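Colleague: heads up, no residue letters with this:
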């Protein structure tokens with residue numbers, strides 16, 4: 001059963017990628033299928049993806065080594 005993420009629409013204009021600082025948007029259904037997730041946020045250019053797990057976007061930066 002999908003979790004309600006409508007609250008995210010109020011905060012999305014303020015949210016940024018922790019790595020590139022680009023604004024985030026909801027991923028399209030096609031993008032989610034491609035990445036194998038049910039819901040996600042992505043950067044404007046689509047270079048970074050953040051899964052939405054139980055209605056909570058997981059916005060962890062990538063670790064460089």
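Modeller: Cool, the structure landed. Nothing here was measured: the structure is a model prediction, and the numbers come from that model.
Colleague: what sits against the most centrally placed residue in the chain?
Modeller: Centroid-nearest residue in the chain: residue 41, 1.6 Å away (criterion: CA atoms, centre = their mean). Residues in contact with residue 41 (CB atoms under 8 Å, 6 or more residues apart in numbering) are 8, 12, 15, 24, 25, 26, 27, 49, 50, 52, 57, 59. All C-beta atoms are positioned from the backbone trio N, CA, C, and that covers glycine.
Colleague: need those residues in TSV with neighbour count, can you?
Modeller: Shown next, in TSV, are the contacts of residue 41 (neighbours: other CB atoms under 10 Å):
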residue	neighbour count
8	17
12	15
15	15
24	23
25	15
26	17
27	22
49	17
50	20
52	20
57	19
59	15
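Colleague: which ones among those residues lie within helices?
Modeller: residue 8 (DSSP state H).
Colleague: hmm, which of the contacts of residue 41 is lowest in pLDDT?
Modeller: Across the set of the contacts of residue 41, residue 8 stands lowest in pLDDT, at 89.
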